[in-house]
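Colleague: got a predicted model here, sequence first, then my questions.
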Amino acid sequence: MTANDATSGKSMATDETWTVGRLAEMTGVTVRTLHHYDDIGLLSPTTRSSAGYRLYTRADVDRLQAIVVYRRLEMPLDQIAALLGGSDDPVAALRKQRDAVISRLGELTELVDAIDRAVERHMNNQPATDADMREIFGDAFNDEYQAEAQDRWGQTDAWQQSAKRTTKYTKSDWADIRSETDAINAAFVAALQAGLPADSAAATDAAERARLQINDHFYDCSHEFHTCLGEMYVADPRFTATYEKLAPGLAQYVRDAIVANADKHN
């Protein structure tokens, strides 16, 4: 009988011996692999049944387990054969293999880091979602208001220019814009609470920063156009409420600072 004959001879196995088919089921090593090990003399069945079927013994199973471990360490079969045959020092071989595994761990760690960086770059280059905008701007980002704004100004050059620019903005871009906005508003509040007039340098500087933020990030914003926006800040209750939450009287103060800044540049 050959190893191939034993593939279907499961009934010939006992509690202490196994056919190639039964051993494959028990260990997860394929029949084809077991046949290959047999062909190269790495692992062969060492006993036979009364019917002549070749069977693996407990010692063969132990040897297979060692082979599996060495293969997981990516040792070549000839080196495994030398180790199991006693011609190589197993401790020295294992230490050498351990060093190789440690080296690969370092390489794999670097690879994981590189993948993480690539994922982060990819994610950072993705346009911000509505969920991102709500996270950054909170209640200031309102679907109903966005729809209303588009209905009112969607056909204007300014709206279309802004849409073209902002479509590509990432969450990080919007977070930077939010930080700029907070800093500008803080400058307005500081000037107001310090009792400085709206045409003071501090107030008009904040107004100019606000105009440049619009001009740089959204659409071309002249001083005249910015003045129109300032009027809207006091005419539209929603804009007014946004500023009044920061400081009482701030909406009118911002409007006046914008007008004063425009006058300075005319």
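Modeller: Received it, and whenever you're ready, just let me know what you need.
Colleague: max-length helix in this protein?
Modeller: If you go by DSSP state H, the chain has its longest helix at helix 90-124.
Colleague: packing partners for that one?
Modeller: Applying 3 or more Cβ pairs under 8 Å, 6 or more residues apart in numbering; DSSP states H and E, one finds that helix 90-124 contacts helix 77-85. (C-beta placed from N, C-alpha, C; glycine too.)
Colleague: who touches the helix it packs on?
Modeller: Residues from elsewhere that reach helix 77-85, judged by Cβ atoms under 8 Å, 6 or more residues apart in numbering: 40-42, 63, 66-67, 70-71, 75, 88, 90, 93.
Colleague: if you set the cut-off to 7 Å instead, what comes out?
Modeller: Applying Cβ atoms under 7 Å, 6 or more residues apart in numbering, the contact partners of helix 77-85 are 40, 42, 63, 66-67, 70, 88, 90, 93.
Colleague: go on, stretch 200-211?
Modeller: Contacts for stretch 200-211 (Cβ under 7 Å, 6+ apart): 184, 187-188, 191, 196, 221, 223, 226, 257-258, 260-261, 264.
Colleague: for the record, mean pLDDT for that stretch?
Modeller: Regarding stretch 200-211, the rounded mean pLDDT is 97.
Colleague: name the residues of the helix or strand encompassing H36 that are buried.
Modeller: Per DSSP states H and E, H36 falls inside helix 31-39. Going by neighbour count (16 or more other Cβ atoms under 10 Å), the buried part of helix 31-39 is 31, 33-35, 37-38.
Colleague: also stretch 155-175?
Modeller: Neighbour-count burial for stretch 155-175, counted by 16+ other Cβ under 10 Å, picks out 159, 162, 166, 169, 171, 173-175.
Colleague: ditto for stretch 57-77
Modeller: For stretch 57-77, a neighbour-count test (16+ other Cβ under 10 Å) marks 60-61, 63-64, 67, 70, 75 as buried.
Colleague: the longest helix of the chain vs helix 77-85, what angle?
Modeller: Calculated by axes from the mean of the first three to the mean of the last three Cα atoms, to 10 degrees, helix 90-124 forms an angle of 140 degrees with helix 77-85.
Colleague: and P197, its phi and psi?
Modeller: Dihedral angles of P197 (phi, psi; degrees, to the nearest 10) stand at phi -70, psi 160.
Colleague: how close does G86 sit to R95?
Modeller: Separation of G86 from R95 (Cβ to Cβ, to the nearest Å) stands at 17 Å.
Colleague: which one of the contacts of helix 77-85 is nearest T109?
Modeller: Nearest to T109 out of those is Y70 (Cβ to Cβ; 23.9 Å).
Colleague: so the nearest residue to the closest one once chain neighbours are set aside versus A24, what's the distance?
Modeller: Excluding its sequence neighbours, the residue lying closest to Y70 (Cβ to Cβ, 6 or more residues apart in numbering) is I80, at 4.6 Å. Distance of I80 to A24, computed by Cβ to Cβ: 19 Å.
Colleague: please apply the same query to A235.
Modeller: A235 sits 82 Å away from A24, going by Cβ to Cβ.
Colleague: which one's more surrounded, the two?
Modeller: A24 (18 against 11; other Cβ atoms under 10 Å).
Colleague: could you list every residue that touches that one?
Modeller: The contact partners of A24, by Cβ under 7 Å, 6+ apart, come to 30-31, 34.
Colleague: kindly reformat those as TSV and extend each row with distance to D99 and pLDDT.
Modeller: Formatted as TSV, the contacts of A24 follow (distance: Cβ to Cβ, whole Å; pLDDT from 0 to 100):
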residue	distance to D99	pLDDT
T30	30	95
V31	34	95
L34	30	96
